[in-house]
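>>> prediction below, plus the sequence it came from.
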Amino acid sequence: MKIDNYCCATDDDLYVYLPLRFYELTLKHRLLDQLGGFSHLLLDALTLLPEQGIGWVLEVTGLYPQQLQPILNRLNGLGLMNGGQLSQRGERLTVWKHLLHGQTRYVWLDGHHKSHSFCGDASLDVMELHEDDPFVIRRWNRGNSKPRSWSCQDWNEDCERQRNRILRYPDEYLGAVFETFRDCFIDTGFSVQEWELNVRYVSDKSELCALEVQLEPADLLSGSTHEFRIASPVLCLDTRYRLPDGAPVELRELQPEDQRRAVSFGRDAPNTELLLEIPASPWIWPEVNEPIRRQAVNLLFQNVAISAPQAEALFNRDHNLAERWQNLGFGWSAVEARLQEVEGVHRIKGNT
């Protein structure tokens, strides 16, 4: 059978949707959280007035020196003071106290807790998601069962998993949403043991939210072995020739070769050897409306008329118009590449 392929491109761009949840992150330094108000006051006073800080605190609080001495002893014992002034560690903790300790930020995360691909800051533009929407990527789903809307239903468990996820790569996640984070740890690095991270699910946001990601035509590859599969429509016009009853047998030498003319609606011509009668995926792309379909049918029959062999008039011929499907697909790497173009998304360079 001779095969001719054509393409009738549509303007139907391909988007996929990544379910996300919105979380509140609060970061506290364990030692600063344990220190009392007078200790915090001393740290601030000694930062602003290194020589007069202790006297200033006595004057402002009305304490006697002997009342303040236990607090000074504790700060000295913790290595935050030395010789009546802040130590290097004390200076560092005071900076953290003002720039990071006790502060709250917000982050968008997906439900694949073991993945470290991306997060979104509060500026990320998301959309409401419906249960039956197509092209929704839930990477936590395994097998062919109906995917759950989220990887775990218990909010507390989810927050704990997200917390552990963040603390595996704190510089990446916390640096993305706390604008002062990296300034605080240029010289020392972030020590997970010194800090407490609280993660709270912000439930006043719609529970079903998603990030819309546009794929490029080059991201789609033919075949059925890809991580995410798409069924793409193809219109086929098969023309078969046969010798009329009673016609001279010698005419068989002139019989034209049967032919298939196929039109796809994506960006490339189809591989007609792999077409299916039934779509192998519930994700159908592109959606072909009736005007576009009529245009494709006209294209097929016009090519029949243009390319008809001279001997065709001598033979009976049957035309069969049918809808077929080709397998297309893409991998997570294609989605990751397009995520880098989305405003508010931060790439996490941890191991996936």
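Nice, I can see it.
>>> tell me which element R260 falls in.
Taking DSSP states H and E as the definition, R260 sits inside strand 259-264.
>>> I meant D171, not that one.
Going by DSSP H and E, D171 is part of helix 170-177.
>>> who are the packing partners of the helix or strand following that helix?
For helix 170-177, the succeeding helix or strand toward the C-terminus, using DSSP H and E, is helix 181-184. With contacts taken as 3 or more Cβ pairs under 8 Å, 6 or more residues apart in numbering; DSSP states H and E, helix 181-184 sits against helix 88-99, helix 170-177. Backbone N, C-alpha and C define where each C-beta goes, glycine included.
>>> if you compare these, which one is most tucked away?
helix 170-177 (a mean of 20; mean count of other Cβ atoms under 10 Å).
>>> what ranges does the stretch 201-350 of the chain have for its helices?
Taking DSSP state H, counting those that start in this stretch to define them, one finds helices in the stretch 201-350 of the chain at 290-307, 332-339.
>>> nearest to T26, out of those helices?
Among the helices of the stretch 201-350 of the chain, the nearest to T26 by Cβ to Cβ is helix 332-339 (26.3 Å).
>>> what about the helices of the stretch 201-350 of the chain, which gets the closest to F22?
F22 lies closest, by Cβ to Cβ, to one member of the helices of the stretch 201-350 of the chain: helix 332-339, at 17.5 Å.
>>> give the buried residues for the closest one.
Buried residues in helix 332-339, counted by 16 or more other Cβ atoms under 10 Å: 332, 334-335, 338-339.
>>> of all those, which two lie farthest apart?
Maximum distance among the buried residues of helix 332-339 (Cβ to Cβ): 10.9 Å, for W332 and R338.
>>> separation between the nearest residue to H130 once chain neighbours are set aside and E128?
Nearest residue to H130 in three dimensions, chain neighbours excluded: L208, at 6.9 Å (Cβ to Cβ, 6 or more residues apart in numbering). According to Cβ to Cβ, to the nearest Å, L208 stands 6 Å off from E128.
>>> neighbour count for the two, which is higher?
More neighbours surround L208 than the other of L208 and E128, with 17 against 11 (other Cβ atoms under 10 Å).
>>> give me the distance between that one and S39.
Separation of L208 from S39 (Cβ to Cβ): 46 Å.
>>> how about L300?
Going from L300 to S39 by Cβ to Cβ gives 82 Å.
>>> which other helices and strands contact the worst-scoring helix or strand of the chain on mean pLDDT?
Lowest on mean pLDDT, DSSP states H and E among the helices and strands of the chain sits strand 2-7, with a mean of 76. Where contact means 3+ Cβ pairs under 8 Å, 6+ apart, strand 2-7 is packed against strand 259-264, helix 290-307.
>>> any weak-confidence spans in this structure?
Filtered on pLDDT under 70, the chain yields the residue ranges 143-145, 205-206, 267-273, 307-309, 351-352.
>>> could you pull out the strands in it for me?
For the chain, applying DSSP state E gives strands covering 2-7, 15-29, 81-82, 85-86, 103-109, 118-121, 127-128, 195-201, 209-214, 221-222, 228-242, 259-264, 316-330, 345-347.
>>> give the buried residues for the first one.
It refers to strand 2-7. 3-4, 6.
>>> repeat that for the fifth one.
Buried residues in strand 103-109, defined by neighbour count with 16+ other Cβ under 10 Å: 105-109.
>>> which residues are in contact with that strand?
20-27, 119-122, 124, 126, 162, 165, 173, 176-178, 202, 209, 211, 344 (Cβ atoms under 8 Å, 6 or more residues apart in numbering).
>>> how about the last one?
Contacts to strand 345-347, defined as Cβ under 8 Å, 6+ apart, come from residues 117-121, 124, 172, 176-177, 211, 336, 339-340.
>>> list the pairing partners of it within its sheet, with orientation.
Strand 345-347 has its sheet partners listed here by DSSP bridges as strand 118-121 (antiparallel).
>>> show me which positions of the partner strand end up buried.
Here strand 118-121 shows 118-121 as buried, counting by 16+ other Cβ under 10 Å.
>>> now do stretch 299-313
Within stretch 299-313, the residues that qualify as buried are 299-300, 303-304, counting by 16+ other Cβ under 10 Å.
>>> what's the span of that stretch, first residue to last?
Chord length of stretch 299-313, first to last residue, is 21 Å (Cα to Cα, to the nearest Å).
>>> hang on, the earlier thing: of the buried residues of stretch 299-313, which is the nearest to R242?
Using Cβ to Cβ, the buried residues of stretch 299-313 come closest to R242 at V304, 16.5 Å.
>>> I'd say that closest one and D238 touch.
No - assessed by Cβ atoms under 8 Å, V304 is found out of contact with D238, at 10.7 Å.
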